[in-house]
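Engineer: Coordinates for the following, if possible.
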Amino acid sequence: MSLPMGRWPEALERARLADAAFAAAYARTPDRERAWIKTGLAAMYAAMGGPLPASRQRCDALGHDLLAASLDVPQDYVLVACGRDFLSPARLSAVVMAALCARVPDVAAVRVGAAWPKPLITTLELCGVETAARISRRDWAGLLAELPAKGRGVVVLLGELILPAGISPGLDVRRAAVAGKAGVFGPGFDAAALSFAHPDCTFYSHDGQCPELSGWQTGQGSLAEAGQAAYDAVYVTADEALTLAADAPLCLGPGREGFWLWPHLPPEAFRRRRFAAVVDPNCAADAPTPGPEDA
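Structural biologist: Predicted structure coming up:
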């Protein structure tokens, strides 16, 4: 039995958060924290280029008598699953925004084995995603077992979330994981905004002044040595960020405390692709097929 758009397996449906839960979380999130989320979302939207077309199709004559056609369309759904250790509004935003820019019609989020923190509910609200649920580990297994009825989609795991045994081999599961540490080099960053964006990470301050906030420690070494620290991100001056001066997946400047991107999960990761190849009918039937040496 297939599930229509907007309808999810029963394990999610019976645990859906009520609209009142979204409203309460939004109301209890201070204005400045909502502003941090919104600023990050706007930058992520711009970085991803906004929504992709609902459908893209092209046909190319590629030489060597090859005529190729391709088509990509959105996946049917994306399910974002958060472990109880996952707390980051910024990293949640990056997954959800990529799915929305891919034009996926059904996007939902579940938190397994724990209640939703208010900042994460507010993040979903500001993204426009109002399908969320708190489910048990037993229901997690049931949800994944029933998920193929939603069609073809992607499950994204955030945090230390274990997949149950016996899930469908056709289920497309991606993991978005971090080491949980970042280096801050130089002044100009809002330490409170960084702590809010990634409360589950440790920040190492290398500029000589370590904020007296939970999750902050004094860092050792220069920016040139950042690669050895295996930071998930480094926070540097604008000039250093634009020259990609550090060996880290993300180099972020002041004002980008709430920004994040998952390099392996751009909007294109949430699209379904088809490819076709035929002999180009415009090539002479009796012409010899050229080899690589003729290129």
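Engineer: Please count neighbours and contacts with C-alpha atoms only from this point.
Structural biologist: Noted.
Engineer: Any regions of the protein where pLDDT drops low?
Structural biologist: Scanning the chain for pLDDT under 70 picks out 1, 284-295.
Engineer: At the geometric centre of it, which residue do we find?
Structural biologist: residue 95 (2.1 Å; CA atoms, centre = their mean).
Engineer: Next SSE downstream of the helix or strand hosting that residue?
Structural biologist: Under the criterion of DSSP states H and E, residue 95 resides in helix 89-101. Next helix or strand after helix 89-101 toward the C-terminus (DSSP H and E): strand 106-112.
Engineer: could you say what helices and strands that following strand packs with?
Structural biologist: strand 77-82, helix 89-101, strand 132-135 (3 or more CA pairs under 8 Å, 6 or more residues apart in numbering; DSSP states H and E).
Engineer: after it, next one along is what?
Structural biologist: helix 118-127.
Engineer: what angle do that following helix and strand 106-112 make?
Structural biologist: Going by axes from the mean of the first three to the mean of the last three CA atoms, to 10 degrees, helix 118-127 is angled at 180 degrees with respect to strand 106-112.
Engineer: show me the contacts for residue 78.
Structural biologist: 99, 104, 106-108, 153-156, 270 (CA atoms under 8 Å, 6 or more residues apart in numbering).
Engineer: which among those gets closest to residue 260?
Structural biologist: Lowest distance from residue 260 to the contacts of residue 78 (CA to CA) belongs to residue 99, with 14.3 Å.
Engineer: Got the phi and psi for residue 216?
Structural biologist: When read as degrees, to the nearest 10, the backbone of residue 216 gives phi -110, psi 140.
Engineer: Specify the beta-bridge partners of it.
Structural biologist: residue 203 (DSSP bridges).
Engineer: doesn't residue 199 make contact with it?
Structural biologist: No: Residue 216 is beyond contact range of residue 199, at 10.3 Å (criterion: CA atoms under 8 Å).
Engineer: Give me the contact list for stretch 223-240.
Structural biologist: The contact list for stretch 223-240, computed with CA under 8 Å, 6+ apart, reads 178-189, 241, 245-254.
Engineer: hmm, try it at 7 Å
Structural biologist: The contact list for stretch 223-240, computed with CA atoms under 7 Å, 6 or more residues apart in numbering, reads 178-186, 246-254.
Engineer: Which helix or strand lies directly C-terminal to the helix or strand where residue 154 lies?
Structural biologist: In this assignment (DSSP H and E), residue 154 forms part of strand 153-158. Following strand 153-158 in sequence order, the next helix or strand is strand 172-176 (DSSP H and E).
Engineer: Give me the sheet partners of the helix or strand just after that next one and which way each runs.
Structural biologist: As assigned by DSSP H and E, the chain's next helix or strand after strand 172-176 is strand 181-184. Paired with strand 181-184 in the same sheet, following DSSP bridges, are strand 202-205 (parallel), strand 233-235 (parallel).
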